[in-house]
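> with the sequence up front, the predicted model follows.
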Amino acid sequence: MNGIFSKLINISRRRSPWVYRINAGSCNGCDIEVAPCFSPRYDGEQIGGVLQGSPKHADILLISGPITLRTRAMVEDVYNQIPSPKAVIALGSCPASGNVFRGSPTVIGSAEAVIPVDLYVPGCPPRPQAILEAIQTAARMLEKGETRSQKEVKND
Amino acid sequence: MDEVLKELAALIGQKEPQKRVDGYWFEATHLDPVALAEAMLNNQFRLSTTSAIERSDGETDIIYHFVKHELAINVRTTTKKQKLPSIANVLPSANWIEREIQDQYAVTFEGHPDPRPLNRPNEMPVGFFRKEIAEKVMKEREAK
Amino acid sequence: MNIFQIIFSNFGKRSRTRRPEDRVPYPTDFRGELDHQAEKCVLCGTCVYVCSPGAITLETEEKNGFWHYDAGRCTFCGRCVEYCPTDTLSFLSRSAPNVSQRTDQLTTHAIEYQHCKRCGAMIIPLPYETLVRIYHSEEAAQHAIQVHELCERCRSRVQSESMKSGISGTRKN
Amino acid sequence: MTSWWLKAIFSLLLWPGLITGALFGWFLLWMSRKIIARLQGRQGPPFYQPFFDFWKLAGKKTIIPRGVNPFIFYALPVISLLSVVLALALLPVPGGSAISFEGDLVLLIYLLEMPALIDILAGYVTRSVYAQVGAVREALLTIAYNLPFLSALIALALRLKTFQLSSFASAPISVATVLAALALFLALLAQMKVNPFSIPNAEQEIVAGIHVEYNGLPLALFELTHALELSTLVGLIACLFIGPFTSIWLKIFIFLLVAALVIILLNIAAAGTARLKIQRAFRFYWTWGVVAAVVVFIAALVL
Amino acid sequence: MPYTIPLGPIHPAFEEPYKVTLSCKGEVVEDCQVEVGFVMRSIELLAQRRNYIKDLVLVERVCGICSNVHASTFAMAVEKIAGIEVPARARYIRTIVAELERLHSHLLWAGIGAEDIGYHSMFMEIYFLRERVMDILEAISGNRVNYGMITLGGVTRDVTDPKSILAVADEVHKKLEKVVIPIFTKDPTIIDRTKGIGILTKEDALAYGTVGPLARASGIEEDIRESFPYAAYADLGFKRVTLDSCDVMARVVVRALEMLESVRLIEEALKNLPAGPIRTGDVPLEIPAGEATARSEAPRGEVFYYVASNGTDTPARVKIRTPSFVNIPSIRAMVKGQYLADMPLIQASIDPCCSCTDR
């Protein structure tokens, strides 16, 4: 009985990826590419995706921006508020490496230094369909248990 | 249009403003910014912004950029021991502008209604845009 | 045209949504993944000079040089493709792939030095297309190819000798 | 004696209880999301979406916000789920419900008030500023929508001179039942927090409204309660119209037809309007609600 | 009993992080404190340490929605210092891209504004229309946002087939006339949420020095495309849009009419697009010493650049003043006596861009 039950929950994680977006000091180029993902042309809802208003209701975190000093505490706080299992997608080159803002004293420059990142979507900004594809990949990782939040739970 | 220039020239004591492609430039070593702001307010000028340029002798050049329809007037002055009277009480739009220069170039504007830091994170020292502090701070960031 | 007319007309028509895998076609010169042909690169460093995020770095040793590129740092602005003198860099018309490891975004191309025909010093000759572009014609490029196999010192010496023999020739008759 | 218990358990759990109620509620939720999507010209979710949403939420770890008593945090969704399941069991659906006694209409009304009250309590329990503002709005809204809702049911009861729900289902269709259904539909808009009155869970103003701090299994139970509440209320409206038909299959067909019609109307209103402010919603219900109530009472008593 | 409720820094109605702390009594707001600085990447500091080609790319990323305006204003300032002459075709292409960007920025604002009052169907319609504009921008410049079209002395890419742009401009024009403007001005639920809400009187607008559609909705006749015509605005002829009913509805109408004006400008510019080179050849790497200011009209208002150069290939000082820097403080003047439920719409009616404000 337990096998079927956990198999059902795994499949449901892939089928209903609820998404929450956080802007950690971004130039809002990536943020205005997330909204069209749920507009009629691309419609994230066809893969079950819903843009949630509260981190507690979400399981995929879209982070954009090169993590400025003042948003660091906010990013950690929101990441801890998301109930696990959770996946983190870094939108564009800013969370990956700080993009053109690298070397600025008020920018941390890499999301990896603050929260564990599961997926990088290159582009400045990435196209909406690239973001949707990343959400689908993250949902598949959640199903197979390959996200870092699930791996860390396994080994500690 | 030219009576404004005459009034300004009288206020600053410099006869001829420099006419350039992008408007009139006044040089004023000792200038009372509050009087300048009041004069400009009476002529319905709008303060676009104030630029701060670091000088080698540790002082800071401040340029007030005023604009009204197609007339742009820029008045350049220098701080005295990094101090300058604030015009935020006359022009509320200068409030944030002066707070930002206070954060970035460590210029204190006397009489500013609300001298809290505007967008400087707490880890950064005051005046972190000045050359030597910027070099130090960027090296620390590189190290992390 | 109030809102109810709009939503009822939408209800009548087919849905305007594309399947996630049915990609919106990429325009002709789309700024997607950067493609670098190692054989045409002469390690001149122009791309490093114009790359604002510093995604491209060069590394030179005596035998060969390396061209490092980090797709995670690149902002896909297209300046390097525009300023590259030997047209080595170009954009593929598809987006860079989503990866889960930062290390998958780093690419490194090794560029072999060649020996100068006369003195054996290490040089990288200009690729043929660039010569055609510089000399604007095929046969001028053919002629120039031998000279460009040499390093600067040998090239200047060879050209000064050919000039000297040319002048002495005229002085003789 | 035991057979009554057995039938009660059967109607509680299976028909029209938890299992079919949940499936029916999820189907209605999917139908409304799909209709809104097609009205907006987009694809919309696949049919199994609410089912997987529930199981995904059930499978997530629950984070109890600091300073909230875990027992209450879990108890609230369970109580509201139980009250809706009980209400659902009372419904005079075509297959006939085992639990049917004089006065079960009053019990139904009381049980349908429970989820709203539990939401208000949940808003204050989770100590979040947004949830508290959402709770205040939910309280105001309950006062507003209860006027047409209760007056429609009481008018019908007066007309049939009984408080037994099964007599509602067997009464002939008359102008009064149609008007009562319209009044119930008017209240349904606010009970389901659908767009003109989606004020308590307004994403933009107060993050996510009342359930902002809820996550994991408790949130799954709240979503399930929402689905069951939807199927109960739509079932209540639909069962008014199955009276004059004899064969069981015709009753079920009419029941589903009316349910589908109610859902379609609900979502056309949702897709076509923007969110009103709480004061404006209050004024709407205390003008149109009063009109509906008076008309229903006149129709029930005079005709 | 007055209580304070924080909106932000992470809030679904805000595109970006900034904090508005409201002190309100019941549902009525008394006063608010605006706190910014979450998006400070100290771009001016970086700009003073990179050469001009890198700076154009850096300056374009000050703000994602109005990226082209920052690059063209910076280029204008440097061209004034070095005396570089921009060919006519390049000026026309800069105008076309600037107006396309204004279209997509205003459509984005209209969509987010409709979403803030819960009008999801309107958000869907507007965003479907906006995708057409984004496709054109992608076809011209190769990227949907951050177009990278501007370089010193001209533009990097040519407009190859004006017909497709004309088709889109025509469709946007029809959709605006038939769908967006009638609904935003006549729909009862929208009128109820925007009429008489968030009043910014003309005196407050002048005192706070507000610019752009926010100021023009409060009766200030000020538009940089009219007072300092740059690029091709002088030859195309520009009509300013000004209203004086000072509320959120006025800002909606001003932006809608500006969109119509943008469509007219695009069609005008495309019809008489002059032939000729798209960039001048002789652009030196080192810019001679000097200083210059440049202004242009971003979708949110006047963008002001002051650039000082010292003869090397790196600018000595770059000062950026963005429109939201003066528009956001004016929230305090608008918020007194409004309902808490209107707050997201009031702050959205300014179209705040925090990445512009904090740089």
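On my side now, so go ahead. Numbers count the residues shown, from 1 in each chain, chains lettered A, B, ... in the order given.

> shaky segments in the chain?
As the question left the chain open, I've gone with chain A. Within chain A, the stretches with pLDDT under 70 are A:156.

> chain D was what I was after
Short version for chain D, where the test is pLDDT under 70: D:1, D:96-98, D:202-208.

> longest helix of it?
helix D:129-160 (DSSP state H).

> who does that helix touch, helix- and strand-wise?
Here helix D:129-160 touches helix D:104-125, helix D:165-170, helix D:175-191, helix D:278-284, helix D:290-302, strand E:2-7, going by 3 or more C-beta pairs under 8 Å, 6 or more residues apart in numbering or on different chains; DSSP states H and E. C-beta: built from backbone N, CA, C; applies to glycine.

> pLDDT averaged over the helix or strand that contains residue E:264 - what is it?
According to DSSP states H and E, residue E:264 maps onto helix E:248-271. For helix E:248-271, mean pLDDT is 92.

> tell me if that helix is near chain C.
No - Helix E:248-271 lies out of reach of chain C by C-beta under 8 Å from any C-beta of the partner chain, never closer than 14.5 Å.

> now do the longest helix of chain D: distance to the chain's middle.
Centroid separation for helix D:129-160 versus its chain: 11 Å, with C-alpha atoms, centre = their mean, to the nearest Å.

> that older thread, dump the helices and strands packed on helix D:129-160 to CSV, plus distance to residue C:50 and mean neighbour count.
What follows is the helices and strands packed on helix D:129-160, written out as CSV (distance: least, C-beta to C-beta, whole Å; neighbours: other C-beta atoms under 10 Å in any protein chain shown):
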stretch, distance to residue C:50, mean neighbour count
helix D:104-125, 56, 19
helix D:165-170, 78, 20
helix D:175-191, 59, 22
helix D:278-284, 56, 17
helix D:290-302, 70, 17
strand E:2-7, 42, 15
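
> out of those, the one nearest chain A is which?
Closest approach to chain A among these is made by strand E:2-7 (12.3 Å; C-beta to the nearest C-beta).

> residues of the helix or strand containing residue B:134 that come out buried?
Using DSSP H and E, the element containing residue B:134 is helix B:131-143. Using 16 or more other C-beta atoms under 10 Å in any protein chain shown as the test for burial, helix B:131-143 gives B:133, B:134, B:137, B:138, B:141.

> ok, and which of these reach chain E?
Within those, those near chain E by C-beta under 8 Å from any C-beta are residue B:134.

> got TSV for the buried residues of helix B:131-143, with distance to chain D and pLDDT too?
Converted to TSV, the buried residues of helix B:131-143 look like this (distance: C-beta to the nearest C-beta, whole Å; pLDDT from 0 to 100):
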residue	distance to chain D	pLDDT
B:133	39	89
B:134	38	89
B:137	36	89
B:138	37	89
B:141	33	86
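
> just to revisit the earlier point, tell me what the helix holding residue E:264 is packed against?
helix E:88-116, helix E:162-175, helix E:181-186, helix E:188-194, helix E:212-216, helix E:233-236, helix E:343-349.

> between that helix and helix E:88-116, how many degrees?
150 degrees (axes from the mean of the first three to the mean of the last three C-alpha atoms, to 10 degrees).

> in helix E:248-271, what's buried?
Neighbour-count burial for helix E:248-271 [16+ other C-beta under 10 Å]: E:248-270.

> what's the first helix or strand after that helix?
Helix E:248-271 is succeeded, C-terminally, by strand E:290-298 (DSSP H and E).

> by contact count, what packs against that following strand?
strand B:71-78, helix E:67-82, helix E:224-227, strand E:301-309.

> got the angle for it vs helix E:67-82?
Using the same axes, to 10 degrees: strand E:290-298 against helix E:67-82 is 150 degrees.

> dump the buried residues of helix B:131-143 to JSON lines, plus distance to residue E:120.
Shown next, in JSON lines, are the buried residues of helix B:131-143 (distance: C-beta to C-beta, whole Å):
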{"residue": "B:133", "distance to residue E:120": "49"}
{"residue": "B:134", "distance to residue E:120": "47"}
{"residue": "B:137", "distance to residue E:120": "46"}
{"residue": "B:138", "distance to residue E:120": "46"}
{"residue": "B:141", "distance to residue E:120": "43"}
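
> and which of the buried residues of helix B:131-143 is nearest residue C:11?
residue B:141 (55.1 Å; C-beta to C-beta).

> I'd like the distance between that closest one and residue E:328.
27 Å (C-beta to C-beta, to the nearest Å).

> try residue B:47
16 Å.

> just residue C:60 next, same as before
49 Å.

> ok, residue D:99 next?
Distance from residue D:99 to residue E:328, by C-beta to C-beta: 60 Å.

> which one of the two has more residues nearby?
Between residue D:99 and residue E:328, counting by other C-beta atoms under 10 Å in any protein chain shown, residue E:328 is the more crowded of the two (23 against 17).

> residues near the residue of chain E found nearest chain D, how many?
Minimum separation of chain E from chain D (C-beta to the nearest C-beta) falls at residue E:118, amounting to 2.9 Å. By other C-beta under 10 Å, the residues close to residue E:118 number 23.

> is it located within a strand, as I assumed?
No - read with DSSP: H, G, I helix; E, B strand; the rest coil, residue E:118 is coil and lies in no strand.

> show me the contacts for residue 113.
Reading this off chain A. residue A:67 (C-beta atoms under 8 Å, 6 or more residues apart in numbering or on different chains).

> please go with chain D instead
So residue D:113 contacts D:142, D:146 (C-beta under 8 Å, 6+ apart).
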